[in-house]
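Asker: coordinates only, no sequence provided:
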């Protein structure tokens with residue numbers, strides 16, 4: 001009887017050691033991934049200068065827009081950022097959407113994501129019934145080491161999504177080698193555990209240099225509000241859908257949209273104006 005108990009304890013101890021070895025092997029594998037693909041560059045000197053080794057991929061980031069009408073610009077920037085970070089990675093990207101976001105922000109458009117270099121086939125879109133379920137889904141997705149990234153799209157600044165929740169996401173992103181992002185729709189800046197926070201808004205595009213009266217590249221106003229390295233900044237960038245990359249827009253550019261087709265560029269001069277109340 002005593003020999004049986006000793007054998008069972010030995011087997012349990014061997015199982016525990018094997019689990020520790022597998023965990024260490026998993027951490028070592030992700031450490032090698034971080035060394036090889038842990039940082040990327042925007043290709044814009046002014047933006048790359050604020051990061052020491054490059055933009056950290058395996059961390060928690062936030063992309064926000066102050067107004068819900070700019071959610072398209074914020075989503076586009078995040079899609080381009082994801083595409084750049086996922087060039088050397090395989091696996092699905094889980095996009096969890098707070099149900100409140102769909103009321104005034106609509107849903108993702110596959111062709112638009114493809115324009116930003118993000119393959120829609122890699123996306124697994126999760127639409128929970130409420131915010132509590134959305135938080136749980138994003139937290140569980142961040143545990144999966146087979147994924148490439150996780151996006152949690154949230155409306156505003158709900159009290160349930162606090163500092164503790166963001167710390168959990170940050171820790172899981174670092175441990176499991178994932179790109180995890182908060183896409184905050186119509187929300188204010190608040191303290192959390194993100195490595196970087198970007199504020200995005202749409203800018204007027206210039207005229208297309210190759211097509212008469214055509215609309216040129218999409219332009220975005222970027223403000224890096226938080227950076228663990230301490231450096232922040234603000235830039236106007238354009239997304240080149242042909243090269244699938246961001247381009248810096250010079251500071252002396254003119255924010256003027258392309259001229260509309262089939263109508264004058266400006267309003268015609270007014271004729272004689274009569275004060276009918278005085279004339280009657």
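Answerer: Yep, it's here. All of these numbers come straight from a predicted model, not from anything done at the bench.
Asker: so residue 115 touches residue 240, yeah?
Answerer: No. The pair residue 115 / residue 240 is not scored as a contact, 10.5 Å apart, by C-beta atoms under 8 Å. Heads up, the C-betas are built off the backbone N, CA and C, glycines and all.
Asker: of these two, who's got more company?
Answerer: residue 115 (17 against 14; other C-beta atoms under 10 Å).
Asker: so who does the nearest residue to the more buried one once chain neighbours are set aside touch?
Answerer: Nearest non-adjacent residue to residue 115, counting by C-beta to C-beta, 6 or more residues apart in numbering: residue 241, 4.9 Å away. Neighbouring residues of residue 241 by C-beta atoms under 8 Å, 6 or more residues apart in numbering: 115, 116, 217, 218.
Asker: what about the third one, distance to residue 128?
Answerer: In this structure, residue 217 and residue 128 are 35 Å apart, going by C-beta to C-beta, to the nearest Å.
Asker: swap in residue 232?
Answerer: 33 Å.
Asker: of those two, who's got more company?
Answerer: Per other C-beta under 10 Å, whichever of residue 232 and residue 128 has more neighbours is residue 128, with 16 against 13.
Asker: check which helix or strand covers the closest residue to the more buried one other than its chain neighbours.
Answerer: Among residues not flanking residue 128 along the chain, residue 134 sits closest, at 4.3 Å (C-beta to C-beta, 6+ apart). Per DSSP states H and E: residue 134 is located in helix 131-141.
Asker: quick one: contacts of that helix?
Answerer: Applying C-beta under 8 Å, 6+ apart, the contact partners of helix 131-141 are 94, 96-100, 126, 128, 147, 150, 152, 154, 158, 160-161, 165, 168-169, 172.
Asker: from these, which land in strands?
Answerer: 94, 96, 97, 126, 150, 152, 154 (DSSP state E).
Asker: tell me the bridge partners for the third one.
Answerer: Beta-bridge pairing for residue 97 (DSSP bridges): residue 153.
Asker: give me the pLDDT for it.
Answerer: Looking at residue 97, its pLDDT reads 94.
Asker: count of residues packed around the closest residue to residue 191 other than its chain neighbours?
Answerer: Ranked by C-beta to C-beta, 6+ apart and with sequence neighbours excluded, the top spatial neighbour of residue 191 is residue 163, at 6.5 Å. Neighbour count for residue 163, taken as other C-beta under 10 Å: 11.
Asker: how close does residue 163 get to residue 245?
Answerer: Applying C-beta to C-beta to residue 163 and residue 245 gives a distance of 34 Å.
Asker: for the residue nearest to residue 115, phi and psi?
Answerer: phi -70, psi -20 (degrees, to the nearest 10).
Asker: which residues touch the spatially most central residue of the chain?
Answerer: Centroid check for the chain by C-alpha atoms, centre = their mean gives residue 78 as the closest residue, at 3.1 Å. By C-beta under 8 Å, 6+ apart, residue 78 lies in contact with 63, 151, 181, 183.
Asker: could you look up the SS state of the last one?
Answerer: Judged by DSSP: H, G, I helix; E, B strand; the rest coil, the three-state class of residue 183 is strand.
Asker: any idea how far residue 170 is from the closest residue to it other than its chain neighbours?
Answerer: Sequence neighbours aside, residue 153 is the residue nearest to residue 183 in space, at 4.2 Å (criterion: C-beta to C-beta, 6+ apart). Per C-beta to C-beta, residue 153 is found 17 Å from residue 170.
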